[in-house]
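A.B. asks: give me a 3D structure for the following:
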Amino acid sequence: MMYAIPTTLVAAIVLLAAPVEAGAGGGDLPGCVDAAVEAIQTHYESVTDLRAAFVQTTRSVALGGAGRTGANTSRGTVVFAKPGKMRWSYEEPEPSLVVSDGKTLWLYDPVHSEVQRTSVTDGYLSGAAIQFLIGEGHMRRDFRVTEISCGEGAALLELVPRTDATYEKLRVLADLASGEVRRTTIFDLVGNVTEVTFSDVRTNQHPAEAVFRFEPPDEVEVIDLDAP
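C.D. replies: Below you'll find the model as predicted:
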């Protein structure tokens, strides 16, 4: 079983893998929301890489049903580096690994001795999300940003992509003083909701390039998702 799928990755990396750019289209935002966007911009423009612990909770729509199934929770650590590099190490409830050097994405399931491989392209992560992955995204240009709540030190923003994407919308909880993103939530096109909460965040640690490389073990099956 793979705990990370492409749409769940978008929510976690869309603001962490690349800086946001204030004033890039979309007009001015009111008051507290504008302050939140500026705070996020200032913080992540200074970040070249990030390491954190995370808790991911996914609520999936039941197949053939109208409601959602019970929530699945997983935990681990993640490392990001611009542009588009990441390493998700899932530790609970079962180990798995998601690694990308910005060009190739690997999803490794050691329990079932399986690896999935795909190219990181516009066709794989459509819409604005891929632009953030490769470090070219602009928050106001690519999203309609609205306030859910703002004040008392934190802002909860909703981001709806302006162009077609593999998800319906994002929600981002950020610290107003530091601009640090504490939590991301993604709503996909069929109603699944994935929330990722970050803790013990450390920035600009300069991880080695080897962190973002993956070599499949000899005994595992490699599934090429790009194959026709």
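A.B. asks: so where's the chain shaky on pLDDT?
C.D. replies: Within the chain, the stretches with pLDDT under 70 are 1-30, 62-69, 121-138.
A.B. asks: tell me where it has strands.
C.D. replies: For the chain, applying DSSP state E gives strands covering 49-59, 72-81, 85-92, 96-100, 104-109, 114-119, 143-151, 154-161, 167-175, 181-188, 193-203, 221-224.
A.B. asks: and residue 32, which of those is closest to it?
C.D. replies: Of all the strands of the chain, it is strand 143-151 that lies closest to residue 32, at 3.6 Å by C-beta to C-beta. Using the backbone N, CA and C atoms, a C-beta is placed for each residue, glycine as well.
A.B. asks: what are the contacting residues of the closest one?
C.D. replies: Contact partners of strand 143-151, identified using C-beta atoms under 8 Å, 6 or more residues apart in numbering, comprise 26, 29-33, 36-37, 128, 139, 155-162, 170-171, 176.
A.B. asks: now those residues: which count as buried?
C.D. replies: Taking 16 or more other C-beta atoms under 10 Å as the criterion, what is buried in these is 26, 29, 33, 36-37, 128, 139, 155-159, 161, 170-171, 176.
A.B. asks: residues in contact with the nearest residue to residue 172 once chain neighbours are set aside?
C.D. replies: Nearest-residue entry for residue 172: residue 157, 5.0 Å, with adjacent residues in sequence omitted and distances by C-beta to C-beta, 6 or more residues apart in numbering. By C-beta under 8 Å, 6+ apart, the residues touching residue 157 are 33, 36, 37, 145, 146, 147, 148, 150, 171, 172, 174.
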